[in-house]
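Engineer: Next comes the sequence, and after it the predicted model I'd like to discuss.
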Amino acid sequence: MSDVTFPGPRSLNPGLCAAALLLAAVALPAFAQDFPKLKPGLWEMERVADPATARNGRPMPSSRTTMCLDESVQRQMFEMASGAMKGACSRHEFKLTGNRMTGDVVCNIGGSRMHSKSVMVLEGNHAYRTEIDTTYDPPLMGQSHTTTVMAARNVGPCKPGQRAGDLVLPNGQTMNMRDVMNGAQSAHGTIAPRASPKN
């Protein structure tokens, strides 16, 4: 079983790596079943809790990101997640009951065995909340356990000048997920963040 790697900012912590994989993987059962796709437009995503950080007395860093989403980007994320999970995950089980989806995923990431259990609660196709509990063996980037709680909602149409796939990071920089995925699929090239469109 090979490792899964994600192109993008090196500052992404293990909890967000797990979140990225799991949230992308949600597309697998979503497209396989009669399941509501996320509403196109501008999505706001925020890590709303990190108990380990809170216990250590450190202030929570800004974690709010936005993404311009359409059906074609969702489809491409599904295809990439499907390929990544087939190659790197020995377990990827999801169960949908009403608006509640549970997941149990075991993958190799950066030489570490990642075991994540998640609960995702959807509000139609316009909002969701996901709780992810993850262990790493051996520790990944110095962490053996993370708890990530993420909330996301559709906040309206994409901003003028944005392209589908534009992801605005907490520091204000923008990277386009479609470009990143295309780069990973072709030459694994590095795609530099670009300036965000002005409001």
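Structural biologist: The structure has been received and is ready for your questions. Numbering: from 1, shown residues only.
Engineer: Look at G165 and say how many residues are nearby.
Structural biologist: For G165, the count of nearby residues is 22 (other CB atoms under 10 Å). Any C-beta I mention is one placed from the backbone N, CA and C, and that applies to glycine too.
Engineer: A88 versus that one, what's the distance?
Structural biologist: 23 Å (CB to CB, to the nearest Å).
Engineer: repeat for L140
Structural biologist: 14 Å.
Engineer: who has more neighbours, these two?
Structural biologist: Taking other CB under 10 Å, L140 and A88 do not tie; L140 has more neighbours (22 against 19).
Engineer: List the beta-bridge partners for the more buried one.
Structural biologist: Q143 (DSSP bridges).
Engineer: wait, isn't it in contact with S116?
Structural biologist: No: look at L140 against S116 with CB atoms under 8 Å: they stay out of range, at 11.8 Å.
Engineer: Spell out the secondary structure type for A164.
Structural biologist: Of the three states, A164 takes coil according to DSSP: H, G, I helix; E, B strand; the rest coil.
Engineer: what's the nearest residue to it if we skip its chain neighbours?
Structural biologist: Spatial nearest neighbour of A164, chain neighbours left out: D70 (4.2 Å); criterion: CB to CB, 6 or more residues apart in numbering.
Engineer: Tell me how many other residues surround that neighbour.
Structural biologist: Neighbour tally, D70, other CB under 10 Å: 16.
Engineer: ok, it to M80 distance?
Structural biologist: Distance from D70 to M80, by CB to CB: 16 Å.
Engineer: Kindly report the same for R91.
Structural biologist: 19 Å.
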